[in-house]
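# mind looking at a prediction? Sequence and model below.
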Number of protein chains: 2
Amino acid sequence: MQLAVRNHSMPLEALRYEITPVGLHYLLIHFDIPMVDAAQYELGVGGHVKKPLRLSFEDLQSRPATTLAVTLECAGNGRARLSPRPLSQPWLGEAVGTAEWTGTALAPILQEAGLKEGAAEVVFTGLDRGLQGGIDQFYERSLSLPDAMQDDVLLVYAINGQPLPPQHGFPLRLIAPGWYGMTQVKWLRSITVTDRPFDGYQQATAYHYRTVEGDPGVPVTRMLPRALMVPPGVPDFMSRTRFVEPSLQLVEGRAWSGRAPIVRVDFSSDGGRSWSAAVLEEPLSPYAWRRWSARWDIRKPGEYELCVRAADAAGNVQPLDQSWNLEGVQNNAVQRVRVVVGTASGKQGAADMPWRRSSLP
Amino acid sequence: MQLAVRNHSMPLEALRYEITPVGLHYLLIHFDIPMVDAAQYELGVGGHVKKPLRLSFEDLQSRPATTLAVTLECAGNGRARLSPRPLSQPWLGEAVGTAEWTGTALAPILQEAGLKEGAAEVVFTGLDRGLQGGIDQFYERSLSLPDAMQDDVLLVYAINGQPLPPQHGFPLRLIAPGWYGMTQVKWLRSITVTDRPFDGYQQATAYHYRTVEGDPGVPVTRMLPRALMVPPGVPDFMSRTRFVEPSLQLVEGRAWSGRAPIVRVDFSSDGGRSWSAAVLEEPLSPYAWRRWSARWDIRKPGEYELCVRAADAAGNVQPLDQSWNLEGVQNNAVQRVRVVVGTASGKQGAADMPWRRSSLP
């Protein structure tokens, strides 16, 4: 509960925005948000390098800048739908967002520091500190050297044309397009090249797909494909059940994968018994979600279960049912939205009071 | 659960900011966030008036502008600490935020429309629609005419110097300083003067303090006093228990009341058995929280319960224990933060690996 009210997902109606407004993008913050003075800030670059660097915020901003639209998703998205529910942030399926991130490429900075013979990984350490798994730690994750040297891996200082707000990693964060959110280290304190695999808690213990305790498991890496829809109609406050009047509906949403381009999205209005292909639009960048839409001509009152399923060019397809795992990571089962078609309610709400009808726009 | 991941509170470390950055301010959204085209937008002003108005977004922005720092808090803040827990958004105690809101005063607009004899209330209707209590409704709330005519009641189109983001009510919302959040209607569609008490769901049914079903209850109005602290030390990810090393700590936070100025904040490090007065700073405006701070000289390892308690000039003081009510509204019992003083962990984290120590800033 403490995690659920602290962190937040993106309300599904915000799938309407190609670029998620700041404040609607999902957030998962392991420890506390650090308060950083940009004037005092320095990024250390060290470890297995010839010339360790200390870079000021000004220096970082004066380097060549790149802006990229990138979709980010939490590795634990969908966790709360598993049974039994793994103990952690209880995401339902909305831990996603797409932003335009501006920063400078990492590779030239590593080249400037000079990689020593035998350089193997690059460790990104945040300023956010706390306990997890009984270990006192700064949040930190690594990438292999080839992954870290990709052109699209950025040290980012702006989101949607504005300075990073505190919750997104001010003053500097990593963006590694395609990878789940645990990779995107915020409040970067240092970058350390290593000559051996990094064995920190968030790398070697957490973020593994395991079905049995003690199993070494498979590390979580890039995002599996997922499509989400804007739930049609209007919601009930408590149950979030949707009510739609009989009509022709254009159901829309977004789909993404961190493994390969999205090539197909299918829509079902009968709980997955039959499917039809949705229309796909071009994404803003190779790393951003694609808009999809499907027509749903619904004249008959009753209850419906809407589903949407994405597939990528690497042959990854969303499963209909979620397979359980200990940490509740990499859940990408199809979204299911229950919709009641008919008149929303027999009762007449205050919105229809006669003294109002005449005077309202 | 669906409400908890959708809505979000302000992480308590953000109490460090006098003005809460966008994206950290609490949010409670009853239905869906409407997507509004400002170019097409019109505010209707009608009902019991001589000359109904239709105001464009441009017209509203061309009127005299006022910027006010205002603290907002959800009426259900603290609900999740009640037992049994009332069924609604499960806030722990962090559903608060302070922003600089810019807009134009409501009173001159009502005067321009010309109040008819017998005008009694002003109803604010949002564009957000859904079901609650079995009633299909646009979200709407009223103020009495005297309350609505206060100089400080604003129709707001900017937050912290930026256009309102969708989740805060773009393009236009109400800000009525001092009142709990349910009053601050977002995505304003119309303003309607009435000659009788408004009996809409959110006014006549919801937002009442009741201890027994069927009781008429007392309407929720202005915020009761509350103080919150930035939890000291570092957190455990799952339990959120705090760990502090033996040291002299400056504990800080904010305190506010919608009923009268905050005149006193007391701090306790022994679960409320003994109290000492905190130092208070001036607020940014009469409607904004006041910063407080207290020294906590803690040398002895062990477990502590920190508490903070505010009082206002009208004689309202935070209770030590929360009295239960059906909706879980107006909870303002003192905050209690459990802190473990000592070395955070016996285990050595990855942050202390020898190859890192030499190269880090």
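Nice, thanks for sending it over.

# tell me where the model's unsure across chain A.
Applying pLDDT under 70 to chain A flags the ranges A:1-5, A:343-361.

# now with 80, please.
Low-confidence segments of chain A, defined by pLDDT under 80, span residues A:1-7, A:82-92, A:343-361.

# any idea which residue sits dead centre in chain A?
A:Glu73 (1.5 Å; C-alpha atoms, centre = their mean).

# what bridges to it?
A:Val96 (DSSP bridges).

# let me see the contact set for it.
Counting by C-beta atoms under 8 Å, 6 or more residues apart in numbering or on different chains, A:Glu73 makes contact with A:Tyr26, A:Ala95, A:Val96, A:Tyr180, A:Gly181, A:Met223, A:Arg226, A:Trp256, A:Gly258. Every C-beta, even on glycine, is put in place using the N, C-alpha and C of the backbone.

# so what's the residue count around the closest residue to the last one other than its chain neighbours?
Across the structure, with C-beta to C-beta, 6 or more residues apart in numbering or on different chains as the measure, the residue nearest A:Gly258 apart from its sequence neighbours is A:Met223 (3.1 Å). The tally of other residues near A:Met223 (other C-beta atoms under 10 Å in any protein chain shown) stands at 26.

# ends of stretch A:66-79, how far apart?
33 Å (C-alpha to C-alpha, to the nearest Å).

# name the residues of that stretch that are buried.
A:Leu68, A:Ala69, A:Val70, A:Thr71, A:Leu72, A:Glu73, A:Cys74, A:Ala75, A:Gly76, A:Asn77, A:Gly78, A:Arg79 (16 or more other C-beta atoms under 10 Å in any protein chain shown).

# that older thread, my guess is the residue nearest to A:Gly258 meets A:Ala260, correct?
No. Counting by C-beta atoms under 8 Å, A:Met223 stays clear of A:Ala260, with 10.6 Å between them.

# please enumerate the strands of the stretch 251-361 of chain A.
Here the stretch 251-361 of chain A has its strands, by DSSP state E, counting those that start in this stretch, at A:262-268, A:276-277, A:279-280, A:290-298, A:302-312, A:335-341.

# mind putting these into CSV with mean neighbour count and distance to chain B?
Below are the strands of the stretch 251-361 of chain A laid out as CSV (neighbours: other C-beta atoms under 10 Å in any protein chain shown; distance: least, C-beta to the nearest C-beta, whole Å):
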stretch, mean neighbour count, distance to chain B
strand A:262-268, 21, 20
strand A:276-277, 11, 25
strand A:279-280, 15, 20
strand A:290-298, 19, 14
strand A:302-312, 20, 15
strand A:335-341, 19, 10
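
# now, the buried residues of stretch A:66-79 that are in strands?
A:Leu68, A:Ala69, A:Val70, A:Thr71, A:Leu72, A:Glu73 (DSSP state E).

# among the contacts of A:Glu73, who's most crowded?
Ranking these using other C-beta under 10 Å puts A:Arg226 first, with 29 neighbours.

# contacting residues for that one?
A:Glu73, A:Asn77, A:Val96, A:Ala255, A:Trp256, A:Ser257, A:Ala310, A:Gln318, A:Asn332, A:Gln335.

# in space, what's closest to A:Ala333 - neighbours in sequence excluded?
Here the nearest residue to A:Ala333 in space, its sequence neighbours aside, is A:Gln322; by C-beta to C-beta, 6+ apart that works out to 3.9 Å.

# wait, A:Trp256
A:Trp289 (3.9 Å).

# show me which residues of the stretch 151-300 of chain A sit near chain B.
Within reach of chain B by C-beta under 8 Å from any C-beta of the partner chain, the stretch 151-300 of chain A has these residues: A:165-168, A:189-190, A:192, A:194, A:198-201, A:234-238, A:240, A:243.

# that concludes my questions; thank you for your assistance.
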